[in-house]
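Student: got a predicted model here, sequence first, then my questions.
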Amino acid sequence: MSGEASNPIEASLRQALAANPADSGVMQRLAIVLFQSGRPDEAILLFRQAADVRPGSAEAHANLGAALASSKMLEPAADALNRAAAIQPDLPRLQFNLGNTLLQLGRYAQAADALGKAVQEQPDDIAAVHNCGTALRGAGRIVEAAQAYRRAAQLAPDLAAAFGNLCITLQELGQYEEAIAAGGRAVALEPGNAELHAALGHAFRGIPDNQRAAACYKQVILLRPLYAPGYFYLGNVHRDLYGLDAGVDLFRRAIELDPNYADAYRNLGSTLRDQGKLDEAIETFRRGGQVGNSASIAGNLLYTLHFHPKYDARMIHDEAVKWNEQYVAEIENASMGPIVDPAPDRRLRIGYVSPDFRDHPIGRFMLPLLSNHDRNEFEIYCYSDTQREDAMTQTLRSHTTAWRHTVGMNDEQLANQIRADHIDILIDLSLHARTGRLLAFARRPAPVQATYLAYAGTSGLRSMDFRISDPYLDPPGTDLSVYFEKTIRLPKTYWCYPGSDIAPPVVPTPALMNGYVTFGCLNLFAKNNALLLIHWARSLPQNCRLILHAHEGSHRDEVRKIFGSFGRADSVSFVSVQPMAQYFAEYNNIDIALDPWPYAGGTTTCDALWMGVPVVSATGDLAVSRGGVSILSNLGLPELAAESVGISTVVASKLADDIPKLNALRLSMRDRMKASPIMDAPGFTRDFEAALRTMWQTKMSHSK
């Protein structure tokens, strides 16, 4: 076909080219005709030939690049367009075409630069402005992305995509009210677009307004009945509105529609864990990690193993090895990160990384530390993935040198930000308990890296240098080889508890009025595995009551069945998620708190003790099993920490037999807490800072 002209213009151009085979201009005009007539392969050959004939022609390379991009040959297209830009960067439409090509290749930072230049050339070009927003968002420049989408929406008030993307971006900035307005406009413009209804639903979730979010997700399913994400989104809302069973059903439906839907496996697994169905949760996480090749899902598995009584420390370590080999090894940089200045005693920059810098146990435990850091010795940087910021967020921010809002950044972008900040010691506060940033740590952005506070486990990273512990979580003689990291023990306590101003006063133990003892465990229900519940049902005094924290759902019925098998179904009752003031007040109904096993309480144990309620705990093989031992030892009450679950119920029963002693202990407990190392914020901070200095000097001495 290349030798025959299909129209007069093509024929004329071919004649001209035959007369002058090296005429680049004729080649390009003929290529354009061929391209417009639906013959892209022939056109690309001619464009390439024209660029070879005139390698210094920006237009020739630009035309070749545009043709390649239209044919989805993106890599060579980017090469050609970059060559054109090197010759004549202000060639009309060149930066636009280059930016769009780079955007499709996922090279967001480069795409943002090119599209930014295109916007400078044509400030009212809707496509350039909108696509620049998408590139900026991909590059983690969220504030600028929102500005670009706002501008696109102003230029094109009927462009639903601009409002939809603005809705999503504003959510990443935590600006939910404005996001709802943008999402509402998008849906009004394109009511048949399921993705826009989903984006609006996410914005309502951020307020949170679960009822209106559910209405949006139901509309998604109505528009696309076989769209798996619609059921996943609705499952998240129904789990909160109607109980865990509702979430499980919808997550299973999402997986039926898309057996490779990794996020659905993750949320199904975490919901099953919340129901105490640990075996099912573990199997779900295993399947999800396989189909999605997801380090996050496999990390959820690692975390869940700590709840299961059959997994010991060595078994969890072996699973962490598998996690590292499968998901991390290819990207992990175990060598030391960049060192600005190895001087052992200089002022250090400390970076803390968490999604929970808010009214959350992590935020509350970090407050005493951040507010007492010695600013002459340390600069404090926080990398916050917190989506729903609150008053606690602002308080924590006030105690930092610099605050980085990292929502929307991928792990590589976060690592680059940390490198740019020249952080000396970077501290993870999540491990696998949350959707944390361990893959950023794997890239080794700081010369010294450590994990603290989420739970006293192992990261599974060879690039994580230290884990912070204490003498009770990892007592002398502990096999520390089960951790990837070197263990640094704080001298007294792992936790520094801030107390609570909203907690009511301590009252006399309720058994004085009730005539019976009420035990309680307000920890996550996932910690109350079946073996532990059977033991409590069998061993607790017959005339006692037991209050458990549990969401609504069938798992409550399972507990009643267990206690019913011992003729005690009526002795157990439940409380669900409550506002903090009510949660603290619930302890006024409890005489003795029972620590779960093998994963003991931390925050909940401190809360119970703050309310005067003595906690009876049991040790175990895992560091997380010894949280109660640590807290009780620091309170001078080591006798309440038994060597086994069996002995712990004996200790609890003995305590229940002496109500006057129990009451006296209760009424003195808050003062005991205040006088203990657990609430000595300045002392704890000095110990923590000494540990930071030890980590720094240890690594620097090894680097010589």
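Tutor: Here it is on my side, so go on.

Student: give me the distance between the closest residue to Pro596 other than its chain neighbours and Ser625.
Tutor: Computed as Cβ to Cβ, 6 or more residues apart in numbering, the closest residue to Pro596 that is not its neighbour in sequence is Lys527, at 3.6 Å. No exception for glycine: its C-beta is placed from N, CA and C like everyone else's. Plainly put, Lys527 is 11 Å away from Ser625 if you go by Cβ to Cβ, to the nearest Å.

Student: overlap in contacts, the two.
Tutor: Trp597, Tyr599, Ala600 (Cβ atoms under 8 Å, 6 or more residues apart in numbering).

Student: of those - the most surrounded one?
Tutor: Ala600 (28 neighbours; other Cβ atoms under 10 Å).

Student: I'd assumed Val616 was in contact with it.
Tutor: No - Ala600 lies out of contact with Val616 (Cβ atoms under 8 Å); the separation is 10.8 Å.

Student: common neighbours of the two, please.
Tutor: Gly628.

Student: just the CA coordinates of whatever helix or strand Tyr383 lives in, formatted as CSV?
Tutor: For Tyr383, the host element (DSSP states H and E) is strand 378-384. Provided in CSV are the C-alpha atoms of strand 378-384 (Å, rounded to 0.1, in the frame of the first residue of the first chain):
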residue,chain,number,x,y,z
PHE,A,378,17.1,16.9,69.4
GLU,A,379,15.1,18.3,66.5
ILE,A,380,11.8,16.6,66.1
TYR,A,381,10.2,15.8,62.8
CYS,A,382,6.8,14.0,62.5
TYR,A,383,5.7,12.3,59.3
SER,A,384,2.0,12.1,59.6
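
Student: helices or strands next to that strand in the packing?
Tutor: Applying 3 or more Cβ pairs under 8 Å, 6 or more residues apart in numbering; DSSP states H and E, one finds that strand 378-384 contacts strand 348-354, helix 391-397, strand 402-405, helix 411-420.

Student: and the average pLDDT for that strand is what?
Tutor: The average pLDDT within strand 378-384 is 98.

Student: what segments of the stretch 551-700 of the chain are strands?
Tutor: 572-575, 592-594, 615-618, 641-642 (DSSP state E, counting those that start in this stretch).

Student: what's in contact with the last one?
Tutor: Which is strand 641-642. Outside strand 641-642, the residues that reach it (Cβ under 8 Å, 6+ apart) are Val616, Ser617, Ala618, Thr619, Gly628, Val629, Leu632, Ser633, Ser648, Val650, Val651.

Student: just the buried ones from those, in ChimeraX syntax?
Tutor: This is how ChimeraX selects the buried members of the contacts of strand 641-642, with burial counted by 16 or more other Cβ atoms under 10 Å:
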select :616,617,618,619,628,629,632,633,648,651
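
Student: which one of the contacts of strand 641-642 sits closest to Asn267?
Tutor: Gly628 (30.0 Å; Cβ to Cβ).

Student: I'd assumed Leu594 was in contact with that closest one.
Tutor: No - contact criterion Cβ under 8 Å: Gly628 and Leu594 do not qualify, at 9.9 Å.

Student: what's the overlap in contacts for those two?
Tutor: Joint contacts of Gly628 and Leu594 (Cβ under 8 Å, 6+ apart) are Val615, Val616.

Student: mind putting the shared contacts of Lys527 and Ser625 into a markdown table with pLDDT and distance to Met392?
Tutor: Shown next, in a markdown table, are these (pLDDT from 0 to 100; distance: Cβ to Cβ, whole Å):
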| residue | pLDDT | distance to Met392 |
| --- | --- | --- |
| Trp597 | 97 | 30 |
| Tyr599 | 97 | 25 |
| Ala600 | 97 | 25 |
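
Student: just want the most central residue of the chain.
Tutor: Thr435 (2.5 Å; Cα atoms, centre = their mean).

Student: in contact with Arg186: list those residues for me.
Tutor: Slight slip there: residue 186 is Ala, not Arg. Ala160, Ala161, Phe163, Gly164, Cys167, Asn193, Leu196, Ala199, Leu200.

Student: quick one, domains of the chain?
Tutor: Domain assignment for the chain, taken from automatic domain parsing, gives 8-221, 226-331, 348-496+683-703, 511-678.

Student: rewinding a little: between the contacts of strand 641-642, which is nearest Gly174?
Tutor: Out of these, the member with the shortest distance to Gly174 (by Cβ to Cβ) is Gly628, at 36.0 Å.

Student: and the closest residue to the closest one other than its chain neighbours, how close does it get to Ile678?
Tutor: Distances taken as Cβ to Cβ, 6+ apart place Ser617 nearest to Gly628, at 2.5 Å, with adjacent residues excluded. From Ser617 over to Ile678 the distance is 14 Å, taken as Cβ to Cβ.

Student: Ala18 now?
Tutor: Ala18 is 91 Å from Ile678, by Cβ to Cβ.
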